[in-house]
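Visitor: no sequence on this one, just coordinates:
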């Protein structure tokens with residue numbers, strides 16, 4: 001477990017293009033460096049409810065904002081069999097936070113995606129005692145889309161039709177043979193307008209030795225979850241028996257820069273052979289009717305979710321990269337950038353400012369979010385900013401109590417939030433709550 005820091009920046013504008021507008025590839029932004037905005041402490045959230053859960057099962061950790069005022073924070077707690085998922089809401093840009101009331105027996109499985117300041121959605125799972133392995137008292141959860149129309153005051157849930165895996169379990173120990181049902185799980189949600197959401201999830205098995213391969217499923221609703229269209233993402237014949245890597249929030253991620261254009265990234269591995277994993281990228285330009293699949297070469301796992309500020313440029317952070325000659329993997333010191341909508345990926349050197357204070361579960365850089373073609377932020381042993389498409393990076397000055405940065409999410413070039421851990425005087429990460437940081441002129445003074 002670890003405590004957290006949230007960081008926010010003030011607003012600018014998105015850059016959006018189209019997969020069909022290939023001329024945008026050559027319209028590079030000027031390589032002009034501008035000073036990064038300061039990130040300041042806005043609130044100190046103490047108490048056990050604000051301590052971050054970073055262990056297993058994979059915790060949903062992070063913060064997102066629908067605009068410059070409405071934000072949602074997930075601490076990752078409540079993802080066990082009997083509890084619900086913990087979520088907090090802020091209506092003043094991250095300065096004050098209140099718990100939200102979720103539907104009974106519900107755990108969140110994704111961060112919140114907001115179409116407006118009041119209409120937002122999140123992937124969730126509702127406890128179902130008839131699923132999973134009831135004889136062993138290990139129930140599972142049915143996938144649902146959780147929707148708020150009042151900025152998080154109330155939530156309603158709609159079922160998401162991800163296929164259910166059926167397994168015949170033999171008798172073992174003192175338990176009888178039984179037919180078991182394993183619901184799927186929602187991995188990412190992206191909403192472009194009230195009622196219109198794209199969802200990606202995967203079928204659920206008793207990993208890693210269940211014997212039934214996982215499948216990735218893309219679903220779309222235009223009426224808030226009442227009706228759905230869906231498609232199973234294509235797979236290479238060599239991946240027919242592969243399963244999804246179980247990893248907090250990033251094994252399957254999705255970025256949808258427009259309502260119809262989405263990029264899905266999945267970390268997959270053969271059963272009983274995690275070292276033989278692969279990373280695949282799927283893209284659609286017609287809301288999931290057609291898909292193009294490509295494998296990311298010399299990469300077997302991803303450390304961060306994919307971020308795409310427009311339909312051409314995408315970034316992510318690999319866990320390890322193989323030497324093309326020897327095939328031997330080593331810890332990645334690079335980022336991955338695509339300038340053609342996810343078809344090809346090129347390593348880009350990551351900045352190295354000073355010895356890292358590595359956050360739990362992450363490396364030197366563990367998260368990335370891009371607000372436009374030019375502007376991206378890295379989080380990990382601090383925060384780095386580029387304003388020229390990664391040609392150079394600047395170290396962002398942070399308050400002294402900030403330790404490792406676990407996640408960054410941007411709406412605009414100057415509207416970003418980051419979740420981080422505090423650091424004690426001894427250099428260790430604290431476990432006593434969360435901090436909120438902002439660069440807003442109206443923010444409360446921080447303790448620096």
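Guide: Noted; the coordinates are in hand. What you are looking at is a predicted structure, and each value in this text was computed from that prediction instead of being measured.

Visitor: beta partners for residue 72?
Guide: Beta bridges link residue 72 to residue 64, residue 89 when assigned by DSSP bridges.

Visitor: would you check that it makes contact with residue 94?
Guide: No: if you go by C-beta atoms under 8 Å, residue 72 and residue 94 don't touch, sitting 10.3 Å apart. Heads up, the C-betas are built off the backbone N, CA and C, glycines and all.

Visitor: endpoints of stretch 396-404, how far apart?
Guide: Using C-alpha to C-alpha, to the nearest Å, one end of stretch 396-404 lies 13 Å from the other.

Visitor: what pLDDT, on average, does it get?
Guide: Across stretch 396-404, pLDDT averages out at 84.

Visitor: in it, what counts as buried?
Guide: Residues 396, 398-399, 401-404 are the ones in stretch 396-404 that count as buried (16 or more other C-beta atoms under 10 Å).

Visitor: which residue is the nearest non-sequential neighbour of residue 132?
Guide: residue 140 (3.4 Å; C-beta to C-beta, 6 or more residues apart in numbering).

Visitor: the one you found and residue 264, how far apart?
Guide: Look at residue 140 and residue 264: by C-beta to C-beta, to the nearest Å, they are 23 Å apart.

Visitor: do residue 422 as well
Guide: The spacing between residue 422 and residue 264, counted by C-beta to C-beta, is 34 Å.

Visitor: who has more neighbours, the two?
Guide: Applying other C-beta atoms under 10 Å to residue 422 and residue 264 shows that residue 264 carries more neighbours, namely 26 against 23.

Visitor: give the rounded mean pLDDT of the one helix or strand that one maps to.
Guide: Assigning secondary structure by DSSP states H and E places residue 264 in strand 262-270. Taken as a whole, strand 262-270 carries a mean pLDDT of 92.

Visitor: helices and strands around it, which ones?
Guide: strand 196-202, strand 216-221, strand 242-244, strand 252-255, strand 278-284 (3 or more C-beta pairs under 8 Å, 6 or more residues apart in numbering; DSSP states H and E).

Visitor: distance between that strand and the chain's centre?
Guide: On the basis of C-alpha atoms, centre = their mean, to the nearest Å, strand 262-270 sits 13 Å off its chain's mean C-alpha point.

Visitor: what angle do it and strand 216-221 make?
Guide: The directions of strand 262-270 and strand 216-221 differ by 150 degrees, with axes from the mean of the first three to the mean of the last three C-alpha atoms, to 10 degrees as the criterion.

Visitor: strand 262-270 pairs with which strands?
Guide: Assessed with DSSP bridges, strand 262-270 is paired to strand 242-244 (antiparallel), strand 252-255 (antiparallel), strand 278-284 (antiparallel).

Visitor: about what we covered before: secondary structure class for the residue nearest to residue 132?
Guide: strand (DSSP: H, G, I helix; E, B strand; the rest coil).

Visitor: where does pLDDT dip in the stretch 151-300 of the chain?
Guide: Within the stretch 151-300 of the chain, the segments meeting pLDDT under 70 span 204-213, 246-250, 272, 274-275.

Visitor: and the strands in the stretch 201-350 of the chain, which stretches?
Guide: Taking DSSP state E, counting those that start in this stretch as the test, the strands found in the stretch 201-350 of the chain are 216-221, 229-232, 242-244, 252-255, 262-270, 278-284, 292-295, 314-316, 320-322, 329-331, 334-338, 346-349.

Visitor: can you put these in a markdown table and add distance to residue 107?
Guide: Formatted as a markdown table, the strands of the stretch 201-350 of the chain follow (distance: least, C-beta to C-beta, whole Å):
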| stretch | distance to residue 107 |
| --- | --- |
| strand 216-221 | 19 |
| strand 229-232 | 22 |
| strand 242-244 | 18 |
| strand 252-255 | 17 |
| strand 262-270 | 22 |
| strand 278-284 | 26 |
| strand 292-295 | 30 |
| strand 314-316 | 26 |
| strand 320-322 | 30 |
| strand 329-331 | 32 |
| strand 334-338 | 31 |
| strand 346-349 | 36 |
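
Visitor: residue 158: which of those is closest?
Guide: Closest approach to residue 158 among the strands of the stretch 201-350 of the chain is made by strand 216-221 (7.9 Å; C-beta to C-beta).
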